[in-house]
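Visitor: The sequence isn't on hand, but the structure is:
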């Protein structure tokens, strides 16, 4: 079983992914962590120095490598769905989409300095623009959609229940 978690930034992909993997006895991988490990640098640094395009190249490489693992949960970055080759990799697992409102994203990212796409911009306007592009893609590629919840354990229980169906 390979579970792939997608969704907007701050939707809880990493938190839910870790808890889900623990509950199901699966390995857990976070694409952003894998990129940082390989690069020896923070995502924000990669964005600043190399640019988004190079980051997306690194993201594809990490995602491609991770999808060779069986019995795991993979937490993706919010923008993973932007590239066609990444969308093809989604077919290698059961895709779980964590929905989140713009309001909740704003609340969760208010003091966050690790989100390069939100530096020095109108956060709400930027999040709305991102959602406009990405949300339809998340919906198209997901096998399971979990409506926003503020309790990661509840999200995990909902996922497990849906996987059993």
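Guide: Received the coordinates, thanks. In this text the structure is predicted, and so the values were computed from the model without any measurement.
Visitor: going forward, measure contacts and count neighbours with C-alpha atoms only.
Guide: Will do.
Visitor: Roughly how far does the residue lying farthest from the centre of the chain sit from residue 20?
Guide: What lies farthest from the middle of the chain is residue 165; by C-alpha atoms, centre = their mean that is 23.7 Å. Per C-alpha to C-alpha, to the nearest Å, residue 165 is found 17 Å from residue 20.
Visitor: cool, and residue 128?
Guide: Going from residue 128 to residue 20 by C-alpha to C-alpha gives 28 Å.
Visitor: Next: residue 81.
Guide: Distance, residue 81 to residue 20, using C-alpha to C-alpha: 21 Å.
Visitor: quick one: buried residues of the worst-scoring helix or strand of the chain on mean pLDDT?
Guide: Within the chain, no helix or strand scores below helix 102-109, which has a mean of 87 by mean pLDDT, DSSP states H and E. Neighbour-count burial for helix 102-109, counted by 16 or more other C-alpha atoms under 10 Å, picks out 102, 105.
Visitor: Mind giving me the packing neighbours of it?
Guide: Secondary-structure packing of helix 102-109 (3 or more C-alpha pairs under 8 Å, 6 or more residues apart in numbering; DSSP states H and E): helix 123-141.
Visitor: next one: the helix it packs on to chain centre, how far?
Guide: How far helix 123-141 lies from its chain's middle: 13 Å, per C-alpha atoms, centre = their mean, to the nearest Å.
Visitor: ranges for the strands of this protein?
Guide: 2-7, 27-30, 72-75, 94-98, 144-146 (DSSP state E).
Visitor: Rebuild those as TSV, extending it with mean neighbour count.
Guide: Formatted as TSV, the strands of the chain follow (neighbours: other C-alpha atoms under 10 Å):
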stretch	mean neighbour count
strand 2-7	26
strand 27-30	20
strand 72-75	27
strand 94-98	23
strand 144-146	18
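Visitor: closest one to residue 44 among the ones you listed?
Guide: The closest approach between residue 44 and any of the strands of the chain, judged by C-alpha to C-alpha, belongs to strand 27-30 at 15.9 Å.
Visitor: Can you give the strand pairings for the closest one, parallel or anti for each?
Guide: strand 72-75 (parallel) (DSSP bridges).
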